[in-house]
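Engineer: Using only what follows, build the 3D model:
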Amino acid sequence: MSDLAAQMLEMGRAARDAARPLARAPADQRSAAIRAGADALLARADQVLTANARDLDAAAARHTPANMVERLRLDPGRLETIAGAMRAVAEQPDPLGAETARWTPANGLNIARVCVPLGVLAIIFESRPNVAADAAAICLRSGNAALLRAGSDSLHSALAIHGAVVEGLTAAGLPAAAVQMVDTPDRDAVGELLTGLGGTIDLIVPRGGRSLVERVQAEARAPVLGHLEGICHTYLHASADPDMARAVVLNAKMRRTSICGATETLLVDAGALSVLPEVAQGLIAAGCELRGDARARDAVPQMAEAVEADWPTEYLAPILSVRVVDDLEAAVEHIARYGSGHTEAIIAADPAAAERFLALVDSAIVMWNASTQFADGGEFGFGAEIGISTSRLHARGPVGAQQLVSYKYVVRGAGHTRP
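Structural biologist: Residues are numbered from 1 along each chain as shown. Model (predicted):
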């Protein structure tokens, strides 16, 4: 066994040992650890920003694309936001011990279904250092131990944030091993996590680009929760209000182009074609490149020509593909063919059309008259998230503390024997 493999296995065993007292810890103690970690993060702000500057310098030397640098960058305002998200998680209702059902069948037994932690989570992320704080808080809230592995581009930032998390754990009297950070940029460390570390890992959560998620899904020997891409759509129905359409589409695409909830394709009903020029001009003025089909280009000649490869593309950049569709069913068909099951929205004044769209589209999140950029755990009231799941098993959509639990059946009898 290599030194790295031995080190990783020991981390897994330590996480498993820490998971037991963490699961038994009262809700107030786990909340106290999260709040103390948030306080420590702000107290260590200079240290965290210095570490982030190292990561940003390295990114510049590698000529990292601007949208990736934006994901990596921290500043005092973002640290306040991260700490605020941690505190919001600390105030979330405790999911552990919650009864989701109770009943008595014909045999007279009293049966309850009760929420319990999953156990140990391995969370593998790339360029967003805030994931270290979000994941730690969510795992502590849900009573799960965590093994965090940051990408080499955010490693210094994530390690600095992790130091604050450990300070919070210690202050609350919880084991430091409840949240561990892999401290090497060696890519083989990811391979070790994917083995499941001798059965100590219960769930692997990848949060990053397509290559990372594809590798995790292909090689993992433990269950995986996550999404491959965020190919999100906004559909302008024939009844769409022009002012609303212009404002929502602009926000859905351009608020932050690098997040997985950014709209990548605009579908325009043939009956709403007159609205498209105004919507397009707002996007173009904001610096967005438009790529449209023939009917879209007839309405907006400034558009470049869209090719087949545009429809299944997650740009994560100020680029938007535009297609004109004949009706709502055609929009749903396009989404089913090219979408990734992440988030889709309809802009419509007709409630019957909107409800039909919401019912027919099979994605983790479907929206009516709202920007797809709301596809975020914080906006859903979860405080924070460790990602968006497009899985049809276990959690789907934003994954916060309430989603990172399993359940057990508690059966109470009175000397029952089975005939």
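Engineer: any idea whether the residue lying closest to residue 100 once chain neighbours are set aside is helix, strand or coil?
Structural biologist: Distance criterion CB to CB, 6 or more residues apart in numbering; nearest residue to residue 100, sequence neighbours excluded, is residue 113 at 4.9 Å. In this view, the C-beta of every residue, glycine as well, is placed from N, C-alpha and C. Judged by DSSP: H, G, I helix; E, B strand; the rest coil, the three-state class of residue 113 is strand.
Engineer: burial of residue 113, as a residue count?
Structural biologist: As a burial measure, residue 113 scores 14 neighbours (other CB atoms under 10 Å).
Engineer: could we number from 738 for the rest of this?
Structural biologist: OK, 738 is where the count begins now, so the last one is residue 850.
Engineer: Against residue 1150, how distant is it?
Structural biologist: Computed as CB to CB, to the nearest Å, the residue 850 to residue 1150 distance reads 16 Å.
Engineer: tell me the contacts of the nearest residue to residue 833 once chain neighbours are set aside?
Structural biologist: In space, residue 833 comes closest to residue 880 once its chain neighbours are excluded; the distance is 5.0 Å by CB to CB, 6+ apart. By CB atoms under 8 Å, 6 or more residues apart in numbering, the contact list for residue 880 reads 756, 759-760, 762, 767, 832-833, 853-854, 1142.
Engineer: Apply 6 Å and report the result again.
Structural biologist: Neighbour list for residue 880: 759-760, 833, 854 [criterion: CB atoms under 6 Å, 6 or more residues apart in numbering].
Engineer: Just the buried positions in the worst-scoring helix or strand of the chain on mean pLDDT, please.
Structural biologist: Ranking every helix and strand in the chain by mean pLDDT, DSSP states H and E puts helix 803-809 at the bottom, with a mean of 85. Burial within helix 803-809, assessed by neighbour count using 16 or more other CB atoms under 10 Å, is assigned to 804-806, 808-809.
Engineer: what's the answer for stretch 898-917, then?
Structural biologist: Of all the residues in stretch 898-917, those buried under the rule 16+ other CB under 10 Å are 898-906, 909, 911-912, 914-917.
Engineer: likewise stretch 823-839?
Structural biologist: Going by neighbour count (16+ other CB under 10 Å), the buried part of stretch 823-839 is 823-827, 829, 831-833.
Engineer: so where do the helices sit in the protein?
Structural biologist: In the chain, the helices defined using DSSP state H lie at 740-761, 764-780, 782-798, 803-809, 813-827, 867-878, 892-908, 925-931, 947-956, 979-991, 1013-1022, 1031-1036, 1065-1075, 1088-1097.
Engineer: and the first one, what does it pack onto?
Structural biologist: Using 3 or more CB pairs under 6 Å, 6 or more residues apart in numbering; DSSP states H and E as the contact test, the elements touching helix 740-761 are strand 857-862, strand 882-886, helix 925-931.
Engineer: Render the CA-only coordinates of the longest one in CSV, please.
Structural biologist: What that stands for is helix 925-931. Provided in CSV are the C-alpha atoms of helix 925-931 (Å, rounded to 0.1, in the frame of the first residue of the first chain):
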residue,chain,number,x,y,z
ASP,A,925,-4.4,10.0,-6.9
ALA,A,926,-6.1,11.2,-3.7
VAL,A,927,-9.4,11.4,-5.7
GLY,A,928,-8.8,7.8,-6.9
GLU,A,929,-8.4,6.7,-3.3
LEU,A,930,-11.7,8.3,-2.3
LEU,A,931,-13.5,6.6,-5.2
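Engineer: re the thing from before, report all helices and strands that the least confident helix or strand of the chain contacts.
Structural biologist: Using 3+ CB pairs under 6 Å, 6+ apart, helix 803-809 sits against helix 782-798.
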